[in-house]
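Kindly return the folded structure for what I paste below:
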Amino acid sequence: MQNEIENIVFSRFVNQPIPFEFISIDELYKRCKESNYDLSIPHRIEFNALIIIFEGKSKHFIDFKEEILSPGVILPLTKDQVHSFSKKLTVKGYIISFEERFITQNTSEKNLFHFLHIYHTPSILIGEENLENLLPFLSSLEKLHQDSNINLKSEVVNSAFMTLLFQIKRLSIYQHKTFESQRFKDFIKYKQLITEHYNETHNAKDYALKLSISYKYLNDICKEISRKTAKSFLDSWLLLEIKRNLSEYKYTSQEIAFKMGFNEPSNFIRFFKKFTGSTPTQFQDELKKSSSVRD
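As a prediction, this is how the structure comes out:
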């Protein structure tokens, strides 16, 4: 069994003039089979993606949680997540993959706000009966993607993709709560700062200072958007990133402890056990067992 998780970069199975790819799930499995790559082995992606299911049923594992794939389910996948597909191809649909800069460099602030809204949602259910409403948008995006004319191609594809995202948001059965723009932006900034400074401080108040906002305000927006306090959100992010590092089997617990900003390995183990009830080593053993069962 392969233990070490591969970091999949966008160009691993893609050769496109722009950092965007539109393919069927069937085509993805074919490409991976030709490359002798097993999609059922957990891997960390270095790009964003969108999985849209039209037929069949399967399971998808994202950051150690199981998601059920069925018609009308849409999964936004974000950079640095650890995930894996089922070994057998039992669903039909599409996968749209793109590098983050494809959105951030070509999108207005208003559209970026909507994009972040969608990608802050673990999964989206639009209902099987609404899938046909997506077909014109998917067909248009596919044709633009396959167009050999590269003049302004990035901008045109970006616009078509954002239109698809707007339609998905409209059709969502579970209406996404609309957050006040500035508060949502500040929450995203907080999340981004954590990814940049987690090895320096685990104190939520330090991030409030970096954002030039009060700790009370930071706490309020975290409760509103994530349903967690600022401290709880920070701890949950740290725990998830620790799990991702442990699942890669590249580093010792001591190396991960220092990488994650813990002064002492004992503090790292205590933190992990507090939230999981197990030690880092025990967590890795359980991952191996669960992976063997799926194989």
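
Can you classify residue 39 by secondary structure?
Of the three states, residue 39 takes coil according to DSSP: H, G, I helix; E, B strand; the rest coil.

Check residue 290 too.
State at residue 290, reduced to three classes by three-state DSSP: helix.

residues near it, how many?
13 (other CB atoms under 10 Å). All C-beta spots, glycine's among them, are computed from the backbone N, C-alpha and C.

Relative to residue 61, how far out is it?
The spacing between residue 290 and residue 61, counted by CB to CB, to the nearest Å, is 9 Å.

Likewise for residue 128?
Separation of residue 128 from residue 61 (CB to CB) stands at 23 Å.

and those two? which has more neighbours close in?
Shown here are residue 128 and residue 61; by other CB under 10 Å, residue 61 has more neighbours (18 against 14).

Need the nearest residue in space to that one, chain neighbours excluded.
residue 84 (4.8 Å; CB to CB, 6 or more residues apart in numbering).

And residue 49, how far from residue 65?
17 Å.

These two: which is more packed in?
Remark: of residue 49 and residue 65, residue 49 carries more neighbours, 18 against 9, as counted by other CB under 10 Å.

Starting from the helix or strand containing the more buried one, tell me the next helix or strand along the chain.
Here residue 49 is covered by strand 48-56, with elements defined by DSSP states H and E. Next in sequence after strand 48-56, counting helices and strands by DSSP H and E, comes strand 58-62.

what's the angle from that following strand to strand 48-56?
Interaxial angle of strand 58-62 relative to strand 48-56 (axes from the mean of the first three to the mean of the last three CA atoms, to 10 degrees): 160 degrees.

Note down every partner strand of strand 58-62 and its orientation.
strand 65-69 (antiparallel), strand 82-84 (antiparallel) (DSSP bridges).

Now render those as CSV, adding distance to residue 274.
Shown next, in CSV, are those (distance: least, CB to CB, whole Å):
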stretch, distance to residue 274
strand 65-69, 20
strand 82-84, 22
